[in-house]
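Colleague: would you be able to build a 3D model of this:
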Amino acid sequence: MLYRIYTEKKNQECVEQIVLGHFPVHGYTMFDAIGYWRGNKEDTLVIEVECHEHDRFKIDAIASKIKTVNSQEAVLVVSIQSSARLY
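Modeller: Down below sits the predicted model:
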């Protein structure tokens, strides 16, 4: 399962530590984007984590912590059915 977490781009080092705390040996990707929330443009950070569906509780915990750290009204989590391989 591929999970994407969308958050306002702030406190990036803290956000990285939150993700790393839940997936210390697991890889993840972070990239910048431009998002719109209620008609307002904002710098956005997208975090992608490829993991098993049973790790969803970790993704939810990450999103909740980021929401608190960034003082946000909401953090978006998207789950996408995927198949990934390392070569």
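Colleague: quick one: the strands in the protein?
Modeller: 2-8, 29-37, 40-50, 76-80 (DSSP state E).
Colleague: state the mean pLDDT of the longest one.
Modeller: By that I understand strand 40-50. The average of the pLDDT scores along strand 40-50 is 96.
Colleague: can you list the buried residues in it?
Modeller: 44, 45, 46, 47, 49, 50 (16 or more other C-beta atoms under 10 Å). In short, each C-beta sits where N, CA and C put it, glycine included.
Colleague: before we move on, what about the shortest one?
Modeller: Residues of strand 76-80 classed as buried: residue 77 (neighbour count, 16+ other C-beta under 10 Å).
Colleague: now swap in the first one and tell me
Modeller: Along strand 2-8, the positions that meet the burial threshold by neighbour count (16+ other C-beta under 10 Å) are 3, 5, 6, 7, 8.
Colleague: make a markdown table out of the strands of the chain and add distance to residue 15.
Modeller: Below are those laid out as a markdown table (distance: least, C-beta to C-beta, whole Å):
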| stretch | distance to residue 15 |
| --- | --- |
| strand 2-8 | 7 |
| strand 29-37 | 8 |
| strand 40-50 | 7 |
| strand 76-80 | 14 |
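Colleague: what's the average pLDDT for the lengthiest helix in the chain?
Modeller: Counting by DSSP state H, the longest helix found in the chain is helix 56-69. Averaged over helix 56-69, pLDDT sits at 97.
Colleague: name the helices or strands packed onto it?
Modeller: Under the contact criterion of 3 or more C-beta pairs under 8 Å, 6 or more residues apart in numbering; DSSP states H and E, helix 56-69 touches strand 2-8, helix 12-22, strand 76-80.
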